[in-house]
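J.: structure for this input, please:
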Amino acid sequence: MASLSLIGFGSGGWGALLLFAAFITLCVTATALMIGAVIGTIVAAAKLSGNLVLATLGNIYTTVFRGVPELLIIYLIYFGGSSAVTSIGKAMGYDGFLGMPSFIAGALAVGIISGAYQAEVFRGAFQAISKGELEAASAIGMHRALRFRRIIMPQVFRFAIPGIGNVWQLSLKDSALISVTGLAELMRTSQVAAGSTRQYFLFFIVGGILYLVLTSLSDRVFNGAERRANRSMPTAAMGKA
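T.: Coordinates of the predicted model:
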């Protein structure tokens, strides 16, 4: 019971810090997912463009960032970014080391990794659209921008939700690796609490439970979004043009 009191929210308890660390984990994962969505959209468009050079660059990107260990990418972004920031500081007359902010480095690194997976999700979602719908839209004179807004974007979003949900879960787990940069997310805070109290088993179990809570809630959110997207998908989108 004495060890359990360490997790309390009162004086000397780690409960509030662990919950705040879980919030930081959600923030860095959400930021990474948005960065990855932008990158993934660009890479997917390149791979679907029909241009050999763009498609090759897109394939290289997805192959490299899905094949290289995530921790290595985090190290490269964090230490490489810190070196770049320090060089810029020296060029501006500042003599000293400037570290890249842990949150930015972590979100960017996980976002780059996420972008490689999201590119494949978006590419697959686009290819799942019925070619007949696109041909019918062109036949009735629907211009490209309207076709994208009324037909392509809603269906890509609907088909991509399950895959994006999987990428979110992957990014949520990858966020634990950001602890190497010193960011006080859930894994880092669990390590600090365990080291400070010598209650390693207790705090790592609590950290694992909080991760399970986050992933379970995330599953419910994405499942709900998928059901809603399937219900609201217009059956006669072209008729509204």
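J.: how about the contacts made by the spatially most central residue of the chain?
T.: With distances taken as CA atoms, centre = their mean, Leu33 lies nearest the centre of the chain, 2.6 Å away. Leu33 makes contact with Gly111, Ser114, Ile164, Val167, Trp168, Ser171, according to CB atoms under 8 Å, 6 or more residues apart in numbering. Where C-beta positions appear, they are placed from N, C-alpha and C, glycine not excepted.
J.: can you rerun that using 10 Å?
T.: Listed by CB atoms under 10 Å, 6 or more residues apart in numbering, the contact set of Leu33 reads 40, 107, 110-111, 114-115, 118, 164, 167-168, 170-172.
J.: just the buried ones from these?
T.: 40, 107, 110-111, 114-115, 118, 164, 167-168, 170-172 (16 or more other CB atoms under 10 Å).
J.: format the residues you listed as TSV; extra columns: pLDDT.
T.: Listed next are the buried ones among the contacts of Leu33 as TSV, based on pLDDT from 0 to 100:
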residue	pLDDT
Gly40	95
Ala107	93
Val110	94
Gly111	95
Ser114	95
Gly115	95
Gln118	95
Ile164	94
Val167	95
Trp168	95
Leu170	92
Ser171	93
Leu172	93
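J.: of the residues you listed, which is the nearest to Tyr211?
T.: Tyr211 has its nearest neighbour among these in Leu172, at 7.5 Å by CB to CB.
J.: report the buried residues of stretch 186-206.
T.: Across stretch 186-206, burial judged by 16+ other CB under 10 Å covers 186-194, 199, 202-203, 206.
J.: ends of that stretch, what's the gap?
T.: Taking CA to CA, to the nearest Å, stretch 186-206 runs 10 Å from one end to the other.
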